[in-house]
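Trainee: here is the input, now give the coordinates:
(2 chains)
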Amino acid sequence: GQQVMQIPQYQHVQEGEDFTTYCNSSTTLSNIQWYKQRPGGHPVFLIQLVKSGEVKKQKRLTFQFGEAKKNSSLHITATQTTDVGTYFCAGPNSGYALNFGKGTSLLVTP
Amino acid sequence: EAGVAQSPRYKIIEKRQSVAFWCNPISGHATLYWYQQILGQGPKLLIQFQNNGVVDDSQLPKDRFSAERLKGVDSTLKIQPAKLEDSAVYLCASSPGGLGRNEKLFFGSGTQLSVL
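Mentor: A predicted model of the protein is given here:
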């Protein structure tokens, strides 16, 4: 079945540094979604990418969907302590439910 | 707009006991999901409902887990008997529409289960 893999598993940065997490799917995806989970919290939707090569920005966050629609990335420019959390990518399975990656945990040191 | 409601927030049981979790999705949301999130991992789908019908329960350990959504609104997930490896956060999520709409999920705060 369809699986999504994320790297790195953990990332520790100094505040102000950039951060990137990568997501790869075993199959072509109709769309990919990104979620953020704060420590002790639940996943919260960030964005959905649908088109091949699509790039979307949300303030300091830039999301990309690969040309082959099998990979995606999230880049954060000039991290802040509020960016701390785990970032998950998720792709739909055959029943349209989302399969989540294992996530990348981001720690930002002031 | 009220979010996805889950209860209880925490539950501690001994192995071989039974436990039940409750979820009330956002009003009007047709699709409801139960996910299991083990510490340090991503959410894993257990079961997906479309209204009161099961769409996908391929990853639900049916020898011990059961779920229902009888009236197409709220849902319960039960574990009987529990094992140590069932310790996890059980997340309920909902989305507005029908199959194939690729909609975002709204998650509840989850129930943290500890099996001793």
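Trainee: so residue A:22 touches residue A:7, yeah?
Mentor: Yes: look at residue A:22 against residue A:7 with C-beta atoms under 8 Å: they come within range, at 5.3 Å. Placement of C-beta: from N, CA and C, glycine included.
Trainee: which of these two has more neighbours?
Mentor: Shown here are residue A:22 and residue A:7; by other C-beta atoms under 10 Å in any protein chain shown, residue A:22 has more neighbours (18 against 13).
Trainee: on the pLDDT front, check the more buried one for me.
Mentor: Reading off the confidence values, residue A:22 has pLDDT 98.
Trainee: spit out the contact partners of it.
Mentor: Going by C-beta atoms under 8 Å, 6 or more residues apart in numbering or on different chains, residue A:22 touches A:6-7, A:71-73.
Trainee: do the same with residue B:21
Mentor: Residue B:21 touches B:6-8, B:11, B:76-78, B:90, B:92, B:111, B:113, counting by C-beta under 8 Å, 6+ apart.
Trainee: now do the SS call for it.
Mentor: Under DSSP: H, G, I helix; E, B strand; the rest coil, residue B:21 falls in the strand class.
Trainee: any chance you could map the strands in chain A?
Mentor: A:4-7, A:10-14, A:19-25, A:32-37, A:44-49, A:55-58, A:61-65, A:71-76, A:85-92, A:98-100, A:104-109 (DSSP state E).
Trainee: got a list of what residue 94 touches?
Mentor: Here I'm looking at chain A. By C-beta under 8 Å, 6+ apart, the residues touching residue A:94 are A:1-2.
Trainee: chain B, not that one
Mentor: Contacts of residue B:94 (C-beta under 8 Å, 6+ apart): B:4, B:25-26, B:29, B:31-33, B:105-106.
Trainee: please flag which of the contacts of residue B:21 sit within strands.
Mentor: B:6-7, B:11, B:76-78, B:90, B:92, B:111, B:113.
Trainee: export those residues to CSV and append columns for distance to residue A:105, neighbour count and pLDDT.
Mentor: Converted to CSV, these look like this (distance: C-beta to C-beta, whole Å; neighbours: other C-beta atoms under 10 Å in any protein chain shown; pLDDT from 0 to 100):
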residue, distance to residue A:105, neighbour count, pLDDT
B:6, 23, 24, 98
B:7, 28, 13, 97
B:11, 25, 18, 98
B:76, 31, 14, 98
B:77, 27, 23, 98
B:78, 31, 14, 98
B:90, 21, 23, 98
B:92, 23, 27, 98
B:111, 22, 22, 98
B:113, 22, 20, 98
